[in-house]
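In: sequence and predicted structure below; questions after.
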Amino acid sequence: MNLILLGPPGAGKGTQAKMIEDALGIVQLSTGDMLRAAVAAGTEVGLKAKAVMERGELVSDDIVIGIISERIDEPDCAGGFILDGFPRTVGQAEALDVLLSDKDKKLNVVIELKVDDEKLVERITGRFTCAKCGEGYHETFKRPAEDDVCDKCGGTEFVRRKDDNEETVRSRLTAYHAQTSPLIGYYGGAGMLRSVDGMADIGVVGGQITEVLNNL
Ligand code: AMP
């Protein structure tokens with residue numbers, strides 16, 4: 001099963017991707033995570049991407065298409081993958097069509113998480129992750145059971161993304177509406193799109209996604 005999670009920053013793509021990953025044993029491919037790793041490692045790609053990401057703008061299509069194309073060839077993707085944060089432009093979607101067909105793979109479904117912009121700012125500015133295992137939390141919606149201790153690994157250090165501040169979030173939303181939302185029409189026209197209510201509780205959204213996947 002190969003699928004895309006589509007939606008603005010903060011819609012819950014990463015959270016839902018991790019849940020699908022756990023349930024179906026297929027791998028989450030987040031271009032944002034890959035780019036952040038490249039920035040942290042100081043690679044050539046990371047050096048090119050850093051300032052663009054800090055402004056909340058999109059990294060060039062060539063860079064992300066190259067990263068995804070290589071990643072899909074890794075053995076752990078053979079059983080299926082969840083694209084989280086890719087594609088983000090029509091150019092990337094067209095390139096994905098070509099590269100999947102070249103690799104003899106196909107897309108099963110595109111799931112859109114529908115959310116309301118103003119709530120996204122609250123969602124994004126309140127989120128943080130465990131520095132050790134990457135588990136995601138939120139000040140209001142998903143606190144660790146014990147304050148300052150990760151539920152998953154017991155880690156006690158947490159980090160926030162540099163681009164999760166209000167000003168950058170607004171630029172990221174502008175980029176989404178201008179460059180990424182046309183993908184709703186692109187995949188809708190191809191009969192690939194299913195939409196779920198991303199404003200519901202995490203578990204409820206997960207249930208809606210499971211239903212979409214069961215009905216394929
Ligand atoms: P994310 O973790 O998906 O919110 O991505 C964080 C940042 O990485 C974005 O604001 C972009 O600057 C960059 N990025 C991630 N995925 C893509 C993509 N598919 N195309 C262009 N830029 C991307």
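Out: That came through fine.

In: pull out the buried positions in stretch 165-172.
Out: The neighbour-count check on stretch 165-172 (16 or more other CB atoms under 10 Å) flags 168-169, 172 as buried. For glycine as for every other residue, the C-beta is placed from the backbone atoms N, C-alpha and C.

In: the ligand: which of those is nearest?
Out: residue 172 (5.0 Å; CB to the nearest ligand atom).

In: for that closest one, phi and psi?
Out: Torsion angles at residue 172 (phi, psi; degrees, to the nearest 10) stand at phi -70, psi -40.

In: and it, how far from residue 203?
Out: 26 Å (CB to CB, to the nearest Å).

In: could you export stretch 138-153 as PDB, CA atoms only?
Out: Extracted in PDB, the C-alpha atoms of stretch 138-153 (Å, rounded to 0.1, in the frame of the first residue of the first chain):
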ATOM      1  CA  HIS A 138       1.300  19.100  22.300                       C
ATOM      2  CA  GLU A 139       0.900  21.500  25.300                       C
ATOM      3  CA  THR A 140      -2.900  21.300  25.100                       C
ATOM      4  CA  PHE A 141      -3.800  18.300  23.100                       C
ATOM      5  CA  LYS A 142      -1.300  15.600  23.900                       C
ATOM      6  CA  ARG A 143       0.700  16.100  27.100                       C
ATOM      7  CA  PRO A 144       3.000  13.300  28.400                       C
ATOM      8  CA  ALA A 145       1.200  11.300  31.200                       C
ATOM      9  CA  GLU A 146       3.900  12.400  33.600                       C
ATOM     10  CA  ASP A 147       5.200  16.000  33.100                       C
ATOM     11  CA  ASP A 148       8.600  16.200  31.300                       C
ATOM     12  CA  VAL A 149       8.900  12.400  30.800                       C
ATOM     13  CA  CYS A 150       8.300  10.800  27.400                       C
ATOM     14  CA  ASP A 151       5.600   8.200  27.500                       C
ATOM     15  CA  LYS A 152       7.300   6.100  24.800                       C
ATOM     16  CA  CYS A 153      11.000   6.000  25.900                       C
END
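
In: what sits against the residue in the chain that the ligand sits nearest to?
Out: The ligand sits closest to residue 32 of the chain, with a gap of 1.9 Å, by CB to the nearest ligand atom. Contacts for residue 32 (CB atoms under 8 Å, 6 or more residues apart in numbering) come out as 14, 84-85.

In: near the ligand, which of the buried residues of stretch 165-172 show up?
Out: Among these, the ones lying near the ligand by CB under 6 Å from any ligand atom are residue 172.

In: which one of the buried residues of stretch 165-172 is nearest to residue 123?
Out: residue 169 (9.2 Å; CB to CB).

In: nearest residue to that closest one in space, please, no chain neighbours.
Out: residue 124 (4.9 Å; CB to CB, 6 or more residues apart in numbering).

In: on that earlier part again, inside helices: which ones of the contacts of residue 32?
Out: The members of those that map onto helices under DSSP state H are residue 14.

In: so which of the contacts of residue 32 would count as near the ligand as well?
Out: Within these, those near the ligand by CB under 6 Å from any ligand atom are residue 85.

In: just put the contacts of residue 32 in TSV and tack on pLDDT.
Out: Listed next are these as TSV, based on pLDDT from 0 to 100:
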residue	pLDDT
14	94
84	98
85	97
